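> sharing a sequence plus its predicted fold:
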Amino acid sequence: MWPRGDDDIIRSNSLHESWSTGALNIDMLFPTDYFLFQVAVCSALLSAVSPLRPAYSTALENALRNELFVDRNYSLLQRPSQQVDVRVSLTLLTVNELNVKDQFLSESGYLSFSWQDSRLSWSNTSATSQDYSNIDSLFSTELYVWTPALIIENSIQDMSVISDTKIPMRITQDGWVFWSPSGVYKVSCESDITYYPMDTQTCYLKISTWGYSKSEIGLSLEIGTPVDDSFYRENGEWDLLSVAGHPPIVNARKGTWYSSLGFSVTLRRKPIFHVINTLFPVILMGFLIPMVYKLPTDSGEKMGYCLTVLLAYAVYLTLISDDIPSTSKTVCLLSVYLGLTLTFSTVSVNIVIYILYAHFEGDKEVPAWIDNGVRKFGRFTRREKRDQNKVKPSTKEEHCDDKKLTAILENEENNNEEHKPITYREYSDILNTFFFVLYMAAMIILTIIFLLPLLINYLTNG
């Protein structure tokens, strides 16, 4: 500090008088007073050039609301511009149900919409009554802010315009409005049942403008992240493979073009439950059909066993039909497999009846045409060989090699068979052996043909 004596006090009083009268002479200032004077002048100049921004307060926000909605005569019925670009994104939370029979998908999530409304912008301070730049964003609802009229085009529960007065909207300084109404969306889903129960289904959520044509509202996917499944909760029956957004398309209604876009949800059924409760029993029952030909004819259970297998398949076919939609666009491989197996079982009943008839005919000789047909395949299918008229080798023949002995036996047997027709009982045994081999081979081939596409489809889509 500068030391101040009596003369200094006199000069200070003079300075005060000069300041009061406006006749201030800078030469009269002390060094400390001169410095303070400079600071005061600089502060005054800075305040004049760039006034301080008002700090955030509820009063300041209320003033901004009044200016935006009241002073500017904001209208809910007036869209922000001639053509409004509405950006759309989907956040999927969970899949509640995918009903393949009734062909619908129920999912929980929320759609996010954003558009720019220049009437709600306060970033330009020259266009407002005061500086509101300390207010980053405002919150409002659709009761006070214009919203686009949008519908879920393939909804089967509610076809009204998307609306929720309780969901707040965020309005930024530059007039961008962000709105994310949530809901449970129940939409139709055309099911592909070809590979049921190891199938993969793709369902769509279609969004379209309502009332506003394409030239008035245009829909587009949100830039960067049109879909978000980071909050997805797993479903017990279906695995989520992918969620994707599809570019907007244009649909015509009565000559007017409307903007539309969609989101696809691809799901794959978890197969463990259906493999254990459907595929495994069905395949096992299929291999019961050939075993009827190994059941002894004299047991009296042949026909009962055959009918039991037939009825079991009929019951399973009825149960599975309850889970398959009544559509002719795609054919379920499982239904084809069950249908063919049921056909095999039905034909088997008739074959068993004929075998029983032949068996109880006893030792009667079969007609010549049957005898001739059996002789062509008899040596490969006959289970029992007749013991009579067989050649017994002598002691000298015991030293013959095996090839000569086999040739002699086959020659003698063939000669005997040419003169001795087979009986009906032998004929029934031949039929049992033949149809057992035939049915077992048919079931193995049919099962492989059925399972192979299911496995390829499951692994490919995985």
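Alright, I've got the coordinates. Numbers count the residues shown, from 1 in each chain.

> CA only for contacts and neighbour counts going forward, please
Will do.

> quick one, what contacts the residue nearest to Val331 when sequence neighbours are not counted?
Spatially, and ignoring its direct neighbours in sequence, Val331 is nearest to Thr194 (5.4 Å; C-alpha to C-alpha, 6 or more residues apart in numbering). Going by C-alpha atoms under 8 Å, 6 or more residues apart in numbering, Thr194 touches 330-333.

> now do the SS call for Thr194.
Following DSSP: H, G, I helix; E, B strand; the rest coil, Thr194 is assigned to coil.

> and it, how far from Ile320?
Counting by C-alpha to C-alpha, to the nearest Å, the gap from Thr194 to Ile320 is 14 Å.

> and Ser118, by the same measure?
59 Å.

> then Ala312 would be within a helix, right?
Yes - using three-state DSSP, the assignment for Ala312 is a helix.

> and the spatially closest residue to Thr256 that is not a sequence neighbour, how many residues sit next to it?
Excluding the flanking residues, the one nearest Thr256 by C-alpha to C-alpha, 6+ apart is Ser213, at 6.7 Å. By the criterion of other C-alpha atoms under 10 Å, Ser213 has 18 neighbours.

> check the one 10 residues further on too.
A total of 9 residues lie near Ile223 under the criterion other C-alpha under 10 Å.

> next up, the contacts around it.
Shown in contact with Ile223 (C-alpha under 8 Å, 6+ apart): Arg87.

> so how far is Gln116 from the spatially closest residue to Asp228 that is not a sequence neighbour?
Distance criterion C-alpha to C-alpha, 6+ apart; nearest residue to Asp228, sequence neighbours excluded, is Thr91 at 4.6 Å. Per C-alpha to C-alpha, Thr91 is found 21 Å from Gln116.

> give me the pLDDT for Asn13.
Note for Asn13: predicted pLDDT of 49.

> same deal with Ile444?
If you check Ile444, the pLDDT there is 96.

> where does Leu307 land in three-state SS?
Look at Leu307: counting by three-state DSSP, its state is helix.

> strands along the stretch 101-250 of the chain, start to end?
Using DSSP state E, counting those that start in this stretch, the strands of the stretch 101-250 of the chain run over residues 104-116, 137-140, 150-152, 169-172, 176-179, 182-188, 200-209, 217-221, 227-228, 238-253.

> who wins for proximity to Leu76 among those strands?
strand 137-140 (12.6 Å; C-alpha to C-alpha).

> now that closest one: average pLDDT?
Across strand 137-140, pLDDT averages out at 94.

> contact partners for the residue nearest to Asp228?
Residues near Thr91 by C-alpha under 8 Å, 6+ apart: 109-112, 227-229, 231.

> quick check, it in a helix?
No - counting by three-state DSSP, Thr91 is located in no helix; its state is strand.

> gap between it and Asn73?
From Thr91 over to Asn73 (counting by C-alpha to C-alpha), the distance is 35 Å.
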